[in-house]
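Chemist: Sharing a model that was predicted from the sequence below.
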Amino acid sequence: MKAIKFSETGGPSVMKLVDVDVPKPGPGQLRVRQTAIGLNYIDTYHRSGLYPQPLPSGIGLEAAGVVEEVGPGVKGFKPGDRIAYGTGPIGSYAEVRNLPANRMVKIPKAISDETAAGMMLKGMTVRYLLRATYKVKRGETILLHAAAGGVGQILSQWAKALGVKVIGTVGSDSKMQVAKDQGCTWVINSSTEDVVARVKDITNGKGVPVVYDGVGQATFMTSLDCLKPRGLMVSFGNASGPVKAFDLGILSTKGSLYVTRPTLMSYTASDEELHETADDLIEMIKSGKVKIPVNQRYALADAVKAHEDLEARRTTGTTILIP
């Protein structure tokens, strides 16, 4: 079977398509033939070494597929079941692999394999951001960076369904309409506009109660300046690089602000939390209130090109790899 592996950290070119042996599934495992694989920005962190992994390593945390064989002791699954996952284990860039049954989620007929592969990691991220890290309330106005990205498009739709107004930022004029179409009430081009001034204008000088920031270093201070007193800055990604050393005293001078750096893994650590989060996501997708925009497709063998395009911001919405 084919899989993408890397033996050293670095740019996209360190990833190689190699042959791998997949044994029979062990106790508690499912052997899954994958039909679609989700591409996420966290994959670039693993590949670059920002989030270190033992080497050599596989890559990828998300995919959908069909159960081929059930390992000893597994209940609730059978060959032919359609499943998806979004929290690993790492190594989803593969044709076939063995996976822990307790971390797999069954996918209903109403959801396609491509949608399932593109919705799990980003969709469950949105669910914990909106319903756990900060429980948004109907009528609130919030700020979302990278609103045309994969997480951004899902969050905009979900927030709108909850009666929340979203101020979205994007990096170019070409992405402004994308963000509007996905549910943003206001869209700011951060390359040409003063984000803080626009946010204060929109909120009549008050600022927002929460900022969802997956960009990182480039937007961190801007995010703080957009918050109302005692507001919450949710820094959930590092697309522009990780936030460097930070003086906590700044939080007091800007209005006793809060900052958190959450991860999906922490919010789905138990099987119960994982399935509660996934079930909410599946219901939102089935309802039609949230759609997963699969805008780019690459062959598994073209993973290097997919990473290059993702990091160059040439993608919008969700990207998947096809084994």
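Modeler: Yep, it's here.
Chemist: After the helix or strand hosting Leu251, which helix or strand is next? Please name it.
Modeler: With the criterion set as DSSP states H and E, the secondary-structure element containing Leu251 is helix 249-253. Past helix 249-253, further along toward the C-terminus, the next helix or strand under DSSP H and E is strand 258-260.
Chemist: Can you mark which positions in that next one are buried?
Modeler: Buried residues in strand 258-260, counting neighbours by 16 or more other C-beta atoms under 10 Å, are found at Val259. Every residue, glycine included, has its C-beta placed from N, CA and C.
Chemist: how far away is the closest residue to Thr263 other than its chain neighbours from Leu50?
Modeler: Once flanking residues are discounted, Thr263 sits nearest to Phe236: 7.5 Å by C-beta to C-beta, 6 or more residues apart in numbering. In this structure, Phe236 and Leu50 are separated by 14 Å, where distance is defined by C-beta to C-beta, to the nearest Å.
Chemist: Check Ala84 too.
Modeler: Counting by C-beta to C-beta, the gap from Ala84 to Leu50 is 26 Å.
Chemist: Equivalent analysis for Val22, please.
Modeler: Distance, Val22 to Leu50, by C-beta to C-beta: 29 Å.
Chemist: who's more crowded, those two?
Modeler: The neighbour count for Val22 versus Leu50, taken as other C-beta atoms under 10 Å, is higher for Val22 (16 against 13).
Chemist: quick one: secondary structure of the nearest residue to Ile154 once chain neighbours are set aside?
Modeler: The spatially closest residue to Ile154, leaving aside those adjacent along the chain, is Val126, at 4.7 Å (C-beta to C-beta, 6+ apart). Each residue gets one of three states, and Val126 gets helix by DSSP: H, G, I helix; E, B strand; the rest coil.
Chemist: now swap in Asn102 and tell me
Modeler: Reducing the assignment to helix, strand or coil with three-state DSSP, the entry for Asn102 is helix.
Chemist: Does it touch Glu272 like I think?
Modeler: No: between Asn102 and Glu272 there is no contact, the gap being 10.4 Å when judged by C-beta atoms under 8 Å.
Chemist: Looking at the two, which is more packed in?
Modeler: When neighbours are counted by other C-beta under 10 Å, Asn102 and Glu272 differ, and Asn102 comes out ahead with 13 against 9.
Chemist: If I look at that one, what pLDDT would I see?
Modeler: pLDDT recorded at Asn102 is 96.
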